[in-house]
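*Asks:* make a model of this:
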Amino acid sequence: MNLGLWFLCLIVPLGFGLWAQHKVKSTFSRYSEVPEDTGLTGAQVARQILDANDLQSVTIHSVPGYMTDHYDPRTRSVHLSEPVYGAATVSSTAVAAHEVGHAIQHAQAYAPMKLRSALWPVTAFASSTWTFLLLFGFILGLLQLVLVAVILYAAVVLFQIVTLPVEFDASRRAGVQLRTLGIANPEESQGVSRVLRGAAMTYVAGALAALSQLFYFLMLFLGNRQ
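*Replies:* Reported below is the predicted structural model:
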């Protein structure tokens, strides 16, 4: 039973996660070869959407790495990876618009984003400590320590679940902005949607894996209490 539970809760979600990562990378690579008709780079797309939404104060920066794009609410800045910042492709357009979607959420005080920001300090602490507490708890036979670790991990899981509506809404806003401003034509909009759906699957896979792992740890805890 334990082997079956381990396979169901850990191996199956891991496989799904690996598939999702492969899917987003392959989709991004595919549409990185498709030029954007307007000739706008990712940075220019981001700037145009920001300005159209009266967010001139939000800055745009290039960051090293691959798929390291993010929005930083602390500094009100959009950070685009090198393959997105300077490229004029369907993929760069999709990713840039998505990150600006987060900036628009921030400006409009989107509730799930506010909740995620409020959860972040607790999540950061929990992420750095729950593994050690769980390990030492099982090694030393201290079930109280194991329970604390599981509770901390539950906070991490909650953060990942709250992240889902934030990411899906940012993608929705990206699509609306690109269509409204005439940046993406109907054919390009299909490619944008595929890129954003692929990225969304990685968040879904991460949340499912975290939930499955939390369930597995709870079963281990309850099993050791008997």
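
*Asks:* tell me where the protein has helices.
*Replies:* For the chain, the helices defined by DSSP state H cover 2-6, 12-31, 42-52, 82-85, 90-107, 111-140, 143-180, 186-225.

*Asks:* buried set for the fourth one?
*Replies:* I take that to be helix 82-85. Residues 83-85 are the ones in helix 82-85 that count as buried (16 or more other CB atoms under 10 Å). No exception for glycine: its C-beta is placed from N, CA and C like everyone else's.

*Asks:* could you redo the helices of the chain as a markdown table and give each row distance to Thr68 and mean pLDDT?
*Replies:* Shown next, in a markdown table, are the helices of the chain (distance: least, CB to CB, whole Å; pLDDT from 0 to 100):
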| stretch | distance to Thr68 | mean pLDDT |
| --- | --- | --- |
| helix 2-6 | 33 | 62 |
| helix 12-31 | 13 | 80 |
| helix 42-52 | 13 | 97 |
| helix 82-85 | 9 | 94 |
| helix 90-107 | 10 | 96 |
| helix 111-140 | 18 | 91 |
| helix 143-180 | 16 | 93 |
| helix 186-225 | 13 | 83 |
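
*Asks:* Thr75: which of these is closest?
*Replies:* helix 90-107 (11.1 Å; CB to CB).

*Asks:* returning to that earlier point: tell me which of the buried residues of helix 82-85 is nearest to Leu152?
*Replies:* Val84 (34.0 Å).

*Asks:* how far away is the most centrally placed residue in the chain from Leu40?
*Replies:* Nearest residue to the geometric centre of the chain (CA atoms, centre = their mean): Tyr203, 5.1 Å. Tyr203 sits 26 Å away from Leu40, taking CB to CB, to the nearest Å as the criterion.

*Asks:* again, but for Ala184
*Replies:* Distance from Ala184 to Leu40, by CB to CB: 10 Å.

*Asks:* can you list residues touching both of those two?
*Replies:* When contacts are counted by CB atoms under 8 Å, 6 or more residues apart in numbering, Ala184 and Leu40 are jointly contacted by Thr93.

*Asks:* those two: which has the busier surroundings?
*Replies:* Ala184 (26 against 18; other CB atoms under 10 Å).

*Asks:* could you find the closest non-adjacent residue to the more buried one?
*Replies:* Leu178 (4.1 Å; CB to CB, 6 or more residues apart in numbering).

*Asks:* count of neighbours near the one you found?
*Replies:* By other CB under 10 Å, neighbour count at Leu178 equals 24.

*Asks:* so what's Thr89 up against?
*Replies:* Thr89 neighbours (CB under 8 Å, 6+ apart): 31-36.
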